[in-house]
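Asker: Give me coordinates for this.
(chains A and B)
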There are 2 protein chains.
Amino acid sequence: MPTIISMDISDIRFPTSRLLDGSDAMNLDPDYSAAYLRLGTDYPGHPYGYGFVFTIGRGNDVQAAAISLLEPLVLGRDVDEVIQDLGAFSASLNRDSQLRWLGPEKGVIHMAIGAVVNAAWDLAARIAEKPLWRFIADMTPAQLVSQIDFRYLTDALTPDEALAILTDAEPGKAARIADLTARGYAAYTTSPGWLGYDDAKLERLVVEAVEAGFGLIKLKVGRDVDEDIRRVALARRVMGPSVQLAVDANQRWDVPDAIAWIRQLASYDLAWIEEPTSPDDILGHAAIRKGIAPIPVSTGEHTHNRVMFKQLLQAGSVDLIQIDAARVGGVNENLAILLLATKFSIPVYPHAGGVGLCELVQHLAMADFVAISGQMDDRSIEYVDHLHEHFVDPVVINNGRYMAPTAPGFSAEIKAETVADYVFPHGPQWQEPGPINAVE
Amino acid sequence: MPTIISMDISDIRFPTSRLLDGSDAMNLDPDYSAAYLRLGTDYPGHPYGYGFVFTIGRGNDVQAAAISLLEPLVLGRDVDEVIQDLGAFSASLNRDSQLRWLGPEKGVIHMAIGAVVNAAWDLAARIAEKPLWRFIADMTPAQLVSQIDFRYLTDALTPDEALAILTDAEPGKAARIADLTARGYAAYTTSPGWLGYDDAKLERLVVEAVEAGFGLIKLKVGRDVDEDIRRVALARRVMGPSVQLAVDANQRWDVPDAIAWIRQLASYDLAWIEEPTSPDDILGHAAIRKGIAPIPVSTGEHTHNRVMFKQLLQAGSVDLIQIDAARVGGVNENLAILLLATKFSIPVYPHAGGVGLCELVQHLAMADFVAISGQMDDRSIEYVDHLHEHFVDPVVINNGRYMAPTAPGFSAEIKAETVADYVFPHGPQWQEPGPINAVE
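Answerer: The predicted model follows:
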């Protein structure tokens, strides 16, 4: 029988801190990185499955080592069995009793599981010769329910409720696939808004974003309130009233500080304030939301699992959520989160950027539109114009919208020459490091 | 100036799964392990500081590698500066902007920081020639406040409120030190209650525990409700009505299951139900507590940081909490948690067992009694009679009570011969592994 025969894991880092790309109030000097997995098989045609964890530099080696901890649970497994029951595969990784202690279901070990699970989905979609969004969307409601680990969810979402949501979404699937294929899925952009950019660069990038068709632009805030007011005012003046403006504090504040700070930005018609405080603070987000109403509150890119998303929804902490394709335990857990969001009627604005997060998360948003929530026009996917050139199947953005991928798989494969060039610390790109900048 | 000159890190594992010590509903086959750190200095007398992360086997190597990620932040630092401002030292590890992404403040990277921080406190107490509990208790209220990272706490506990709690505890410190030194601190035992033990062994161990003076015994539950009723009834019959009986489900249930299951144990006068569901489920614990009132609810050994403890207290999720010395970011974060518990008038029953957790956490409970909550007689420290022989300064239990340690430091040092014997995978104890058992 065809089996999984190899897990090749690479520590790939891009020296992004040299240009301050990606700088925000908490992440001053990121080197965007991927702990990258190639899952090898002896299936006919020898397809690979690709997955990765996104990190911002130091520790990417340990993240890669954490992926290798899963080798005994993965190598030698029957490919057909894995791809025909990805729910069981995912559960088998999450329930290893010794590894579970390192989380449970959070941080380094959980992201490692997410990379392996995502690679298995990539493999399954490649073998099915479908882009991942379509592979998911073509599953029956019962097949989709079988992907979900309902442990710790049944007080908010039962298997029967999930089945009902998915069954309700069955009519119109074909029309939504046609709509998605024709129009794509709206993107919003964070490229203009990094804290390390000066005003001239901010203004130029905002103009370019509006001209490129983006309907929503996001700025980083949280280092200095007067500077934030100035930058937000500048952006709002340049973009005009018809483009939406969101701000992102990257966990910078305590609850009382968040309320006081955001109120000073209230007159700029904010689409949302993102990550105002600790991603763990469910009650804190609820208090902030109450304190700054009607400004919408959002979080999710660091929300570590479905149990935390469940509570954000139960507590009324957020007006929208941001899923991340590489923070939680992979596609299966993200399907659970998308079902929870649908149950609570909360829109999902997927988090992206980093290395390959746009490539991955577009598939989840598109599958959600076709097969789960049925919604697309009240939401959009984050887009940052960095590092796409390193991917074999990079995202395609036309007029501010993600075009639906057509190549089989999860768009997760990094070019072989990139892996060779950027592997840390011995790749050629790391042999003569330039100056490392950091936001003061 | 004297500096920190080395970080020696060892992957130490004990083959405890061979005997089913430590087996429970979620942890079927633990090999109790320590990712063990020796912090070397060239301070006069060349003292070391010792710290570790407790794990249950697989992944202990990655946990050790995570500790080594902190070397650039630790090696070469001025020992006097570190030990005179342990708050700043702790913050400097937690705020590394790249490593923070791996948590933030949770899981493998956070436990690694905890081990380094604990080792620095061990070093500081050794240099001060005091046991850690006394080293903490001898700090002024202002010095103690300076240990705390109040980020994300100020909606529940401000520096001024913390200072007031600590100032209130100043009178009577000397009397409490005398009381503690004379009487010790109450222990409770989990040794009889592991799921892997048969009834005869359970009964024998309960009898021995009562005879040894323990006032509270804890049993593992959650695998089978009828079996639980039988085992709880057996234990209650053997121990009589005057000894307290707690049960621990180790995160086994969803919220509705927990309520239904625990109600079937209600007639056995339970002291608490511990970890009924996911440690992340703050709202779930609150719902369970309401659903099984008046049976007390507890959690904490897997609660990953102060932000989660804050919310457990804010939401009324628990009747008591269980701190763990090696799960959060070290002594500093545990001091924050002890202050939060005092603010909310919730007793702390420290979690222990594993490898060296008793040795560590006794110091925190005793410091809390002397300098923070001022309370001892409404609470007790978990005790499990495993693996103490491997420690240079093992706990001393007399008549069911922890005797106050007198040796300088945090009691964290593992014997050199143990390190050599049990280092994984090349130590002699791992050369001829016996059969690995698991609970069916």
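Asker: which ones are touching the spatially closest residue to residue A:202 that is not a sequence neighbour?
Answerer: Leaving aside its sequence neighbours, residue A:202 sits nearest to residue A:192 (Cβ to Cβ, 6 or more residues apart in numbering or on different chains; 5.7 Å). (Each C-beta comes from the backbone N, C-alpha and C, glycine too.) Neighbour list for residue A:192: A:201, A:202, A:205, A:206, A:208, A:209, A:217, A:219, A:235 [criterion: Cβ atoms under 8 Å, 6 or more residues apart in numbering or on different chains].
Asker: One more: residue A:92?
Answerer: Applying Cβ under 8 Å, 6+ apart, the residues near residue A:92 are residue A:73.
Asker: So what does the residue nearest the centre of chain A look like in phi/psi?
Answerer: Nearest to the geometric centre of chain A sits residue A:324, at 2.3 Å (Cα atoms, centre = their mean). Main-chain torsions, residue A:324, degrees, to the nearest 10: phi -130, psi 140.
Asker: sorry, back to before: report the separation between the residue nearest to residue A:202 and chain B.
Answerer: 22 Å (Cβ to the nearest Cβ, to the nearest Å).
Asker: What of residue A:325?
Answerer: 15 Å.
Asker: again, but for residue A:306
Answerer: 9 Å.
Asker: show me what contacts the closest residue to that residue other than its chain neighbours?
Answerer: The spatial neighbour of residue A:306 that comes closest, neighbours along the chain excluded (Cβ to Cβ, 6+ apart), is residue A:336 at 4.6 Å. Taking Cβ under 8 Å, 6+ apart, we find residue A:336 in contact with A:148, A:149, A:150, A:153, A:157, A:306.
Asker: which stretches of chain A have low pLDDT?
Answerer: A:19-23, A:25-28, A:432-440 (pLDDT under 70).
Asker: For chain B, what's the nearest residue on it?
Answerer: residue A:107 (2.0 Å; Cβ to the nearest Cβ).
Asker: Distance of the closest residue to that residue other than its chain neighbours relative to residue A:252?
Answerer: Distances taken as Cβ to Cβ, 6+ apart place residue B:107 nearest to residue A:107, at 2.0 Å, with adjacent residues excluded. Residue B:107 sits 22 Å away from residue A:252, going by Cβ to Cβ, to the nearest Å.
Asker: Kindly report the same for residue A:244.
Answerer: 22 Å.
Asker: quick one, which of these two is more surrounded?
Answerer: Taking neighbours as other Cβ atoms under 10 Å in any protein chain shown, residue A:244 and residue A:252 compare with residue A:252 leading, 21 against 17.
Asker: Wait, the more buried one touches residue A:222, no?
Answerer: Yes: with contact defined as Cβ atoms under 8 Å, residue A:252 counts as touching residue A:222 (3.5 Å).
Asker: Over to the residue nearest to residue A:34 when sequence neighbours are not counted. Which of the three states is it?
Answerer: Closest residue to residue A:34 apart from its sequence neighbours, by Cβ to Cβ, 6+ apart: residue A:52 at 4.2 Å. Assigned by DSSP: H, G, I helix; E, B strand; the rest coil, the conformation of residue A:52 is strand.
Asker: What about residue A:52, how many residues nearby?
Answerer: For residue A:52, using other Cβ under 10 Å, the count is 33.
Asker: That one bridge partners, please.
Answerer: Counting by DSSP bridges, residue A:52 forms beta bridges with residue A:36.
Asker: Hmm, residue A:36 and it touching each other?
Answerer: Yes: Residue A:52 is in contact with residue A:36 according to Cβ under 8 Å; the separation is 4.4 Å.
Asker: any common contacting residues for these two?
Answerer: residue A:414.
Asker: how's chain A carved up into domains?
Answerer: A:4-134+A:418-431, A:166-415 (automatic domain parsing).
Asker: rewinding a little: the residue nearest to residue A:34 and residue A:16: what is the separation?
Answerer: 16 Å.
Asker: now residue A:170
Answerer: Separation of residue A:170 from residue A:16 (Cβ to Cβ): 43 Å.
Asker: Tell me which of the two has more neighbours.
Answerer: residue A:16 (22 against 11).
Asker: coming back round to it: from the contacts of residue A:336, which two are the most distant?
Answerer: A:149 and A:157 (11.5 Å; Cβ to Cβ).
Asker: measure the residue nearest to residue A:306 to residue A:212 for me?
Answerer: Residue A:336 is 34 Å from residue A:212, by Cβ to Cβ.
Asker: what does the stretch 101-250 of chain A put close to chain B?
Answerer: A:101-111, A:150-155 (Cβ under 8 Å from any Cβ of the partner chain).
Asker: Which ones among these map onto helices?
Answerer: A:107, A:108, A:109, A:110, A:111 (DSSP state H).
Asker: The fourth one - how many residues pack around it?
Answerer: Translated: residue A:110. Residue A:110 has 28 nearby residues by other Cβ under 10 Å.
Asker: show me what contacts the residue nearest to it when sequence neighbours are not counted?
Answerer: The shortest distance from residue A:110 to any non-neighbouring residue, by Cβ to Cβ, 6+ apart, is to residue A:103 (5.0 Å). Going by Cβ under 8 Å, 6+ apart, residue A:103 touches A:109, A:110, B:107.
Asker: how about these in JSON lines, adding distance to residue A:161?
Answerer: Formatted as JSON lines, those follow (distance: Cβ to Cβ, whole Å):
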{"residue": "A:109", "distance to residue A:161": "29"}
{"residue": "A:110", "distance to residue A:161": "25"}
{"residue": "B:107", "distance to residue A:161": "30"}
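Asker: In a markdown table: the domains of chain A, plus distance to residue B:427.
Answerer: Shown next, in a markdown table, are the domains of chain A (distance: least, Cβ to Cβ, whole Å):
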| stretch | distance to residue B:427 |
| --- | --- |
| domain A:4-134+A:418-431 | 18 |
| domain A:166-415 | 33 |
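Asker: Ok, which of these comes nearest residue B:56?
Answerer: Comparing the domains of chain A under Cβ to Cβ, the one sitting nearest is domain A:4-134+A:418-431, at 4.6 Å.
Asker: could you show me where the helices are in the stretch 151-300 of chain A, in order?
Answerer: A:159-168, A:173-183, A:199-211, A:225-239, A:255-263, A:282-292 (DSSP state H, counting those that start in this stretch).
Asker: Cool, thanks, talk later.
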